[in-house]
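Undergrad: what follows is a predicted protein model with its sequence.
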Amino acid sequence: MRSGRRSILSLRCSSSATDTPSSPASSERWILEPAGDGDWRHIGYRVPRPGGFEIASEVVTVGRVAEQADIVLPVATVSGAHARLEKKDGGLLVTDLDSTNGTYINERRLTPGFAIPVDPGSLLIFGDIHLAMFRVTKTVVDVPSDTIGAEQEAEITQQAN
């Protein structure tokens, strides 16, 4: 397990959504950071623990099969198309797509087909607590409206521990 190394993959997926109606001076970033212990013995063969992901599009699909998912988790206990993540009204919604091993928020299994809000700081599990468990982080970057170029610093607030 690589405890000192953190990498975040930023996903730029196509979306029909335009800029959010919220203030043009603020930007939200939703990040999934690996939180599982990386134990692969229950699968029977070595599987690398997935890295972190930034949810850069309005809607992304999580799954094991690249043709069916925007975020690919190459773990046998993750379904081909496992769950959908959607940014909406400043929040993040997760929907289980009838996965075999379930999607969980803080160990609560979701009912397939129903979008459930996930709070910053929560643990989001895609079928495998060891290899596909992520801590949800929301970062809001507020830029003062009188900022010209890069002359003033942006204020960054992290809304998760």
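TA: All right, it came through fine.

Undergrad: what's the closest non-adjacent residue to residue 133?
TA: What sits nearest to residue 133 in space, not counting adjacent residues and going by Cβ to Cβ, 6 or more residues apart in numbering, is residue 36, at 4.0 Å. Every C-beta, even on glycine, is put in place using the N, C-alpha and C of the backbone.

Undergrad: same question but for residue 46, I mixed them up
TA: Closest residue to residue 46 apart from its sequence neighbours, by Cβ to Cβ, 6+ apart: residue 40 at 5.4 Å.

Undergrad: is that neighbour in a helix, a strand, or coil?
TA: Following DSSP: H, G, I helix; E, B strand; the rest coil, residue 40 is assigned to coil.

Undergrad: report pLDDT for it.
TA: Residue 40 carries a pLDDT score of 91 in this model.

Undergrad: now residue 141
TA: 77.

Undergrad: list the helices and strands the one helix or strand it maps to packs on?
TA: Assigned by DSSP states H and E, residue 141 falls within strand 133-142. Judged by 3 or more Cβ pairs under 8 Å, 6 or more residues apart in numbering; DSSP states H and E, strand 133-142 is in contact with strand 26-34, strand 123-126, strand 155-158.

Undergrad: residue 89 is nearest to which of the ones you listed?
TA: For those, proximity to residue 89 was assessed by Cβ to Cβ; strand 26-34 is nearest, at 10.7 Å.

Undergrad: who does the helix or strand that the closest one is followed by pair up with?
TA: The helix or strand immediately downstream of strand 26-34 is strand 52-55, counting by DSSP H and E. Paired neighbours of strand 52-55 in the sheet (DSSP bridges): strand 8-11 (parallel), strand 26-34 (antiparallel).

Undergrad: brilliant, that's me finished.
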